[in-house]
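*Asks:* Model the structure of this input:
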Amino acid sequence: MASKRFIPIAKPIIGDDDIQAVVKVLKSGMLAQGEEVRLFEQEFAKYIGVRHAIAVVNGTAALDIALKVLGISPGDEVITTPFTFIATANAILFQGAKPVFADIDPKTYNLDPNDVLEKITNKTKAIIVVHLYGQPADMKAFKEIAEDHRLYLIEDAAQAHGAEFMGKKIGSWGDIAIFSFYSTKNMTTGEGGMITTNSSEFAEKAKLLRNHGQSEKYLHVELGWNLRMTNIAAALGRVQLRKLDKFNEIRRRNAELLTKGLSSIKGITPPYVDPRAKHVFHQYVIRVEDEFPLTRDELRAYLREKGIDTAIHYPRPIFQQPLYRKLGYPQDICPNSIDASRHVLSLPVHPLVSEDDIEYIVRVISELVK
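*Replies:* From the prediction side, this is the model:
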């Protein structure tokens with residue numbers, strides 16, 4: 001019998017202050033990109049610790065612009081992970097360039113620096129590092145690889161708002177970085193994205209590309225698009241940014257409680273946390289091992305019956321997607337990514353998950369083993 005209780009896998013937290021900020025913009029009549037966007041960019045850059053932040057309509061647009069800013073073009077290769085959302089690799093295809101997939105570290109689910117080294121050729125122009133689930137990748141290693149091989153280093157921080165590696169904010173390590181503010185992220189603008197960089201040249205080019213290539217009104221110097229963020233979204237983002245650290249601390253506390261409760265359950269492996277990293281748990285991802293009484297998919301169905309929402313991030317590596325099959329990618333590359341796709345399961349960890357909810361999740365899973 002299905003439970004009347006329901007714990008969602010994700011839920012945006014919108015308070016009265018968020019609503020008031022949006023209403024203020026609506027009442028002003030200044031709805032398109034304007035002062036709210038400028039202030040949001042300024043505040044976000046300061047928070048990340050970079051010189052420039054450029055707001056755009058979503059994270060995918062941010063990725064596309066970032067690669068265009070770096071001059072990635074047909075014939076180039078860009079190394080990235082196959083174990084993430086497809087937008088990361090698609091942004092490479094948008095440039096006419098080739099995504100080259102390196103495998104993941106099976107503990108962190110992030111790109112393995114050693115496998116990246118194996119994939120570098122004379123056509124390689126950049127590495128896109130994804131900070132998956134809110135856990136920073138090994139940026140010290142990737143920074144060294146990029147410098148040694150004269151490659152651009154791009155951070156896909158769509159899931160890592162506020163995360164840190166070796167005490168330094170994610171989004172400030174690479175040549176350029178992107179964030180997403182989709183509704184399920186650690187902070188949201190509904191839809192939205194941000195590009196961060198310390199390069200004034202990259203920042204100015206990004207601003208041109210998001211606004212029809214205009215250097216001034218009706219003077220178009222580049223082929224650009226309309227990828228601007230609205231004042232409405234920026235107003236929401238400014239309030240959300242002020243609450244981000246609090247949201248993240250609740251996520252981290254919830255993750256600690258889940259790990260404490262799940263660690264003793266045979267066949268369940270809680271997420272590993274790199275001791276050098278500040279993990280912000282955009283997702284709390286367990287491995288359902290083969291020794292567990294149910295398969296991963298059976299456990300997911302059972303939890304759903306008990307009112308516990310879950311998700312699979314991600315059910316197949318990108319190279320196994322139909323689009324990439326058609327492009328001729330082998331289906332047996334990156335074995336760690338294939339293995340992870342068969343075993344990972346995301347449990348609710350967002351700030352609206354209560355301690356009572358966590359106790360219930362742990363109890364429901366532990367009862368299966370008993």
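
*Asks:* In three-state terms, label residue 250 for me.
*Replies:* helix (DSSP: H, G, I helix; E, B strand; the rest coil).

*Asks:* what's the spacing between it and residue 341?
*Replies:* Residue 250 is 29 Å from residue 341, where distance means C-beta to C-beta, to the nearest Å. (C-beta placed from N, C-alpha, C; glycine too.)

*Asks:* buried stuff in stretch 247-261?
*Replies:* 247-248, 250-255, 257-259, 261 (16 or more other C-beta atoms under 10 Å).

*Asks:* among those residues, which two are most distant?
*Replies:* 247 and 261 (21.5 Å; C-beta to C-beta).

*Asks:* I'd like the distance from whichever strand or helix holds residue 368 to the chain centre, please.
*Replies:* Residue 368 belongs to helix 355-369 when assigned by DSSP states H and E. Centroid separation for helix 355-369 versus its chain: 27 Å, with C-alpha atoms, centre = their mean, to the nearest Å.

*Asks:* Tell me how far the closest residue to residue 85 other than its chain neighbours lies from residue 223.
*Replies:* Excluding the flanking residues, the one nearest residue 85 by C-beta to C-beta, 6 or more residues apart in numbering is residue 314, at 7.0 Å. According to C-beta to C-beta, residue 314 stands 33 Å off from residue 223.

*Asks:* Can you check the pLDDT for the residue lying closest to residue 182 once chain neighbours are set aside?
*Replies:* In this structure, residue 182 finds its nearest non-sequential neighbour in residue 191, 6.2 Å apart by C-beta to C-beta, 6+ apart. With respect to pLDDT, residue 191 scores 97.

*Asks:* quick one: residue 191 and residue 55, what's the gap?
*Replies:* For residue 191 relative to residue 55 (C-beta to C-beta), the value is 12 Å.

*Asks:* Of those two, which one has the most company?
*Replies:* residue 55 (29 against 17; other C-beta atoms under 10 Å).

*Asks:* okay but residue 115 is in contact with residue 102, surely?
*Replies:* Yes - counting by C-beta atoms under 8 Å, residue 115 touches residue 102, with 4.3 Å between them.

*Asks:* any residues in contact with both of these two?
*Replies:* Here residue 115 and residue 102 share the contacting residues residue 334, scored by C-beta atoms under 8 Å, 6 or more residues apart in numbering.

*Asks:* If you count neighbours, what's buried in the least confident helix or strand in the chain by mean pLDDT?
*Replies:* Taking mean pLDDT, DSSP states H and E as the measure, the chain has strand 214-216 as its least confident helix or strand, at a mean of 95. Neighbour counts over strand 214-216 (16+ other C-beta under 10 Å) mark no residue as buried.

*Asks:* What strands flank it, and is each parallel or antiparallel?
*Replies:* Here strand 214-216 is paired, per DSSP bridges, with strand 219-220 (antiparallel).

*Asks:* Need the contact partners of the partner strand.
*Replies:* Under C-beta under 8 Å, 6+ apart, the answer for strand 219-220 is 212-214.

*Asks:* Give me the average confidence score over that strand.
*Replies:* Average pLDDT, strand 219-220: 97.

*Asks:* do stretch 20-32 as well
*Replies:* Mean predicted confidence for stretch 20-32 is 97.

*Asks:* likewise stretch 268-285?
*Replies:* The average pLDDT for stretch 268-285 rounds to 98.

*Asks:* Using PDB, write out every CA atom in it.
*Replies:* Extracted C-alpha coordinates of stretch 268-285, given in PDB (Å, rounded to 0.1, in the frame of the first residue of the first chain):
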ATOM      1  CA  ILE A 268      24.500   0.600   0.600                       C
ATOM      2  CA  THR A 269      27.500   2.800   0.000                       C
ATOM      3  CA  PRO A 270      27.000   6.400   1.100                       C
ATOM      4  CA  PRO A 271      28.800   9.200  -0.900                       C
ATOM      5  CA  TYR A 272      32.500   9.700  -0.500                       C
ATOM      6  CA  VAL A 273      33.600  13.200   0.400                       C
ATOM      7  CA  ASP A 274      37.100  14.400  -0.700                       C
ATOM      8  CA  PRO A 275      38.700  15.700   2.500                       C
ATOM      9  CA  ARG A 276      40.100  18.700   0.500                       C
ATOM     10  CA  ALA A 277      36.600  19.700  -0.700                       C
ATOM     11  CA  LYS A 278      33.600  21.400   0.700                       C
ATOM     12  CA  HIS A 279      30.800  19.300  -0.800                       C
ATOM     13  CA  VAL A 280      27.500  21.200  -1.000                       C
ATOM     14  CA  PHE A 281      25.300  18.100  -1.800                       C
ATOM     15  CA  HIS A 282      23.200  19.300  -4.700                       C
ATOM     16  CA  GLN A 283      22.500  15.600  -4.700                       C
ATOM     17  CA  TYR A 284      23.000  12.900  -2.100                       C
ATOM     18  CA  VAL A 285      24.000   9.800  -4.100                       C
END
